[in-house]
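[1] Sequence first, predicted model second:
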Amino acid sequence: MKGTRIYSLVVILLYVFVLVLAGCSGSSSDGGGSATVNGKVADGYVSGADVYAYSDADMTNQIGAGSTDSEGNFSMILSVSSVPDPVYLKSVGGIDVATGMPAPTMLFVASGSSNKFNISPITDSLYKYSLTLGIDGARQHLTGQLGITNTELYDDPVVNTDLDGALNSVLSSGTMDGTLADGDYIVHAMFFVGNQITAEPAEMNVTISNGVVNGTEVGSSSVVTGKVQGSSIVLTIVDDPVPANVSQLARMAGDIGLMGSVTGVFTYLDIAAGGTDLYTGMCVANFVPVNGLDPTAVENVISNIYAGPKHIILRDIFGPEYKLGWGDLTITDVDFGTNTVTASDATIWFDNGSCDAPACDPTQVTLTFNLGSSEILETSGGDRTNLILLAFDFPAPSTDMLFLLQPVGNRRGIFLVVDVGFNILAIGDSYMATGTGLAPSLDSTTDYEVEVAVAHAGMLEQLRSDWIGTGVNMMPYSDSFTTPDMSGGTDFDLSGDLLKVFNGSIIAFKNDADNGPLNDTSDFIRLVELYETGAIQGEDILGGPLSFYPATFVGFVKKQGETAPSVAGTRNFLARTLYSKEVLVDNEDNAYRTSYITGDLTISGSSATLNWTEGGGTSGTASLTVENTDGLYHMHGTLDSSTYIDIFWPLGGKKSVYITSDNGTGDWLITEAGEAYLTH
C-alpha cells in the first residue's frame with residue numbers, strides 16, 4: 001500500500017511538472033489536436049503588441065494570433081496540431097514598458113521543436129539575414145558577429161543581461177523598423193529646404209488614432225494631418241484650416257526608426273506664388289509620447305546605442321560646390337544630466353572633384369570636436385528628444401563649423417556648414433552608421449552587380465515607354481562594380497570620373513565629368529543605405545537642370561554569379577508624390593494636397609494585388625504584374641482606366657520608387673514620380 005502511494009505521488013508530480021512546462025515559454029499540445037506557443041516579446045518587455053504565427057517565411061499562411069500582456073507574455077493556440085519546423089512569428093505595435101516608447105516591429109524564425117519563442121531585436125535580425133543566407137547561415141553569421149551561442153539567440157534579453165552588448169549592437173544597426181502606437185505626441189522636427197533653415201525647430205502636438213494623424217503646430221495656426229502605415233509616415237502641414245485660405249503647404253514623409261525617430265524628404269509648396277514654387281529638402285523628427293514616458297530609461301537606451309565608433313558620409317546638396325565627405329568619429333559620452341554629447345575629433349576626407357589628376361585626389365582633414373555647441377535637443381517643455389546635434393571646427397585659419405543633426409535610431413541625418421556669422425555655406429544629408437554593430441556591409445575586393453530604379457522630376461510629361469521596358473537605358477538599370485580593400489574600415493576608389501566610397505553600411509557614388517558643379521546631365525551624387533538582404537535605398541542629386549530636384553533611388557546588390565532571393569507576402573504600403581505634372585506644369589496645388597496613397601500590397605509569384613486609398617478618399621484594388629530582376633521587384637498595372645503605376649522595390653528594403661502615367665492623349669505620359677514605403 002505504501003509503494004502504491006509513492007507511485008501515485010510520483011505520477012501527480014510528473015503531471016504537475018508537465019503543466020508547469022506548458023505554462024512556460026515554449027510549445028505544447030492542448031490534447032485536442034492543436035499546438036500552443038508561449039513566449040515573450042522583449043525589447044524591454046512589450047505590452048499590447050499583436051503577435052502572429054506563420055508556417056512560411058513569406059508570412060502568408062497565418063496559423064495563430066495573440067497579444068502580449070503587461071509583462072510581454074503571449075500565448076497562442078495554433079490552427080495546426082504541431083508547431084511547424086521552422087515557425088515564423090511577428091510582433092507588431094505595443095509599448096516598451098521600460099521606456100514608455102512605441103516598440104519596433106520584430107520578426108522571429110526558429111525550429112518548431114524549440115522551447116524558446118522569445119521575439120526580440122536579435123531574432124528580428126536573424127529573420128532578415130535568413131532571407132538570403134538561410135536559417136543556418138543566418139545563425140552562424142549572427143553568433144559570429146555578436147559573440148553569443150545559438151541558444152542565446154532565443155534567450156529573453158531582459159533576463160539574460162549577458163546579451164546587453166549583442167542587443168545594443170542590433171539596435172544600433174539602423175535597419176530596424178520602428179512604428180508609432182496610437183496616442184498623443186509632441187513632435188520635434190527640423191526642416192531644411194534649399195538654402196533656408198528655420199530659426200527654431202518646428203514643434204507639433206499630434207494625436208494618432210488608428211494610424212490617422214491630426215494636430216496643430218505650436219505657435220501658429222497651421223494644421224497637421226497624416227497617416228502612419230507600418231514603419232512609415234506622411235505628414236501634411238497647411239497654414240490655415242480652411243482649404244480656400246491655404247497659401248503654404250508642407251509635407252514630410254519617411255522611415256520610422258527606433259525611439260520615435262523619423263527621417264525623410266521634406267517638400268514645401270508656395271501656393272501664394274501660384275503653386276509653381278516647389279522646394280525640396282530634408283527633415284528629421286522625433287515623436288515624444290505625452291503619457292507614460294520614463295525619461296531615465298529612454299536616456300539609458302539612447303546612450304547605449306549611440307555611443308561608440310561611427311562611420312559617416314556627408315553630401316552637400318544646396319551648396320555651390322556639391323562636395324562629398326566621409327570618415328569616422330567616436331561618440332564617447334551622452335550625458336542627459338548636463339544635456340551634452342562628447343565625441344572625438346572627426347577625421348574626414350573631402351573630395352576635390354572626380355578625375356584622374358592628382359589634384360583631384362580627396363583631401364583628409366581633422367575637424368575638432370566643439371563641446372560647447374553640441375547638445376541633445378529638447379522640446380519647449382524641457383523634455384529630451386533623441387535628436388543629437390554634434391559640432392566640429394574646421395582647421396585654422398578657417399572659422400567655419402560643421403554641424404551633424406542625427407536622430408538616434410536612424411542612420412540618416414542632416415549636416416550643414418556655417419561661417420563665423422552663422423551664414424549657411426552648405427546643407428545636405430548625412431549618414432551615420434555604427435562602426436562595431438551588426439550593420440550590413442559589402443565584402444572587400446569583391447565583384448558585385450546591382451539593379452537600380454530611380455524616380456525624378458525629369459520624367460514628367462515623358463512617354464512611359466521611354467523609361468520603363470527592356471531596351472537600352474530603360475529601368476531597371478544594370479550596373480557592376482568591384483569593392484576596394486576595406487580591411488582597414490573606410491575606403492574609397494577614384495577612377496576616371498567616378499568616385500566610390502564604402503563606409504560600413506553606407507555607400508556613396510559620385511560622377512563629376514568636369515571636376516566642378518554638377519552641370520552635366522551625366523553628373524550625379526548618390527548616397528545609399530545597405531540592408532541585410534542586399535537592398536539599398538537613398539537619393540540621387542542629378543546634374544544639369546535637375547540639380548535642385550533630388551531623385552529617389554533604390555536598388556539590389558548581390559555578388560556576381562549569385563542568385564538573388566525571391567519573396568511573397570503582404571506589406572504595408574504608403575506612397576507619396578515628390579514631383580507631379582499638376583504642380584510643376586499645370587500650376588495646380590489641389591492634387592499635391594492629397595497626393596499620397598495608403599494600403600497594402602500582396603505579392604504572389606508573378607502577380608500582386610494593391611489595395612489603395614488616396615489622401616482624398618478615392619480607393620480601389622489593382623491587379624499588378626510582378627517581375628523579379630535579380631532582387632529588384634517591378635510591379636506594374638492599371639490603378640484605374642486612366643492611370644498606370646510602376647513600383648520598383650528591392651527585396652528587404654523599406655522604400656520603393658514609383659511613377660504613375662496617364663493615357664489622356666492616347667499615350668501613357670508620366671504624370672507623377674515619388675517614393676513608396678513597403679514595411680512589415
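    Received the coordinates, thanks. Residues are numbered from 1 along each chain as shown.

[2] how far does stretch 332-347 stretch from start to finish?
    For stretch 332-347, the first-to-last residue distance is 15 Å (CA to CA, to the nearest Å).

[3] So what touches that stretch?
    Outside of stretch 332-347, the residues that reach it under the criterion CB atoms under 8 Å, 6 or more residues apart in numbering are 295, 299, 302-303, 306-307, 312, 327-331, 364-369, 371, 374-376, 378, 384, 388-390, 392. In short, each C-beta sits where N, CA and C put it, glycine included.

[4] buried set for it?
    For stretch 332-347, the neighbour count (16 or more other CB atoms under 10 Å) marks Val334, Phe336, Val341, Thr342, Ala343, Ala346 as buried.

[5] Identify the farthest-apart pair in those.
    When the buried residues of stretch 332-347 are compared pair by pair using CB to CB, the two farthest from each other are Phe336 and Ala346, 22.7 Å apart.

[6] where does the residue nearest to Phe509 when sequence neighbours are not counted fall, helix, sheet strand or coil?
    Using CB to CB, 6 or more residues apart in numbering and skipping residues adjacent in sequence, the residue nearest Phe509 is Arg526, 4.5 Å away. In the three-state summary, Arg526 is assigned as strand, counting by DSSP: H, G, I helix; E, B strand; the rest coil.

[7] From Thr638, how far out is Arg526?
    Arg526 sits at a distance of 31 Å from Thr638 (criterion: CB to CB, to the nearest Å).

[8] So for those two, which sits in the more crowded spot?
    A side-by-side neighbour count of Arg526 and Thr638, using other CB atoms under 10 Å, places Arg526 first with 23 against 16.

[9] Backbone dihedrals for Asp443, both of them.
    phi -80, psi 150 (degrees, to the nearest 10).

[10] What pLDDT is listed against it?
    pLDDT for Asp443: 89.

[11] dump the residue contacts of it.
    Going by CB under 8 Å, 6+ apart, Asp443 touches Thr483, Met486, Lys559.

[12] got the contact list for the spatially closest residue to the second one that is not a sequence neighbour?
    Translated: Met486. Taking CB to CB, 6+ apart as the measure, Met486 lies nearest to Ser444, with 4.4 Å between them; neighbours along the chain are not counted. When the contact criterion is CB under 8 Å, 6+ apart, the partners of Ser444 are Thr483, Pro484, Asp485, Met486, Ser487.

[13] any idea how far Ile148 is from Arg139?
    When Arg139 is compared with Ile148 (using CB to CB), they lie 10 Å apart.

[14] now swap in Val557 and tell me
    Relative to Ile148, Val557 is positioned 28 Å away (CB to CB).

[15] try Ala457
    Spatial separation of Ala457 from Ile148 under the definition CB to CB is 48 Å.

[16] go on, Ser232?
    Applying CB to CB, the value for Ser232 to Ile148 is 31 Å.

[17] Give me the more crowded residue out of those two.
    Neighbours per residue (other CB under 10 Å) separate Ser232 from Ile148, with Ser232 holding more: 29 against 19.

[18] Now for the more buried one: which residues touch it?
    Going by CB under 8 Å, 6+ apart, Ser232 touches Ala253, Gly254, Asp255, Ile256, Asn572, Leu574, Lys654, Tyr677, Thr679.

[19] give me that answer again for 10 Å
    Under the criterion of CB atoms under 10 Å, 6 or more residues apart in numbering, the neighbours of Ser232 are 177-179, 253-256, 262, 264, 572-576, 598, 654-655, 675-679.

[20] just the buried members of these?
    The neighbour-count criterion (16+ other CB under 10 Å) marks 177-179, 253-256, 262, 264, 572-576, 598, 654-655, 675-679 among the contacts of Ser232 as buried.

[21] So what pairs up with the residue nearest the centre of the chain in the strands?
    By CA atoms, centre = their mean, the chain has its centre lying nearest to Asp255, at 4.3 Å. With DSSP bridges as the criterion, Asp255 is bridged to Ser232, Thr263.

[22] circling back: return the item of the buried residues of stretch 332-347 having minimum pLDDT.
    The weakest per-residue confidence within those falls on Phe336 (89).

[23] Could you measure from that one over to Asn386?
    Remark: distance between Phe336 and Asn386 (CB to CB) = 11 Å.

[24] anything in contact with each of the two?
    Shared contacts of Phe336 and Asn386 (CB under 10 Å, 6+ apart): Val298, Glu299, Ile302, Ile376.

[25] farthest pair in those?
    Using CB to CB, the pair of the shared contacts of Phe336 and Asn386 lying farthest apart is Val298 and Ile376, separated by 11.1 Å.

[26] Please say which of these two ends up with more neighbours.
    In this comparison of Val298 against Ile376, neighbours counted by other CB under 10 Å, the higher total goes to Val298 at 25 against 21.

[27] ok but the more buried one is inside a helix, no?
    Yes. If the criterion is three-state DSSP, then Val298 is within a helix.

[28] Which pLDDT value belongs to it?
    At Val298, pLDDT is 91.

[29] And for the one 4 residues further on?
    The predicted local confidence for Ile302 comes out at a pLDDT of 92.

[30] how would you label it: helix, strand or coil?
    Note that with three-state DSSP, the state of Ile302 is helix.

[31] residue contacts, it?
    Here Ile302 is in contact with Thr99, Leu258, Met259, Val334, Phe336, Ile376, Arg384, Thr385, Asn386, Ile388, Val408, Gly409 (criterion: CB under 10 Å, 6+ apart).

[32] Buried ones only from the residues you listed, please, as a ChimeraX command.
    The following ChimeraX line selects those of those that are buried, judged by 16+ other CB under 10 Å:
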select :99,258,259,334,336,376,384,385,386,388,408,409
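
[33] Of the contacts of Ile302, which is the nearest to Val87?
    Ranking the contacts of Ile302 by separation from Val87, with CB to CB as the measure, puts Leu258 on top at 25.9 Å.
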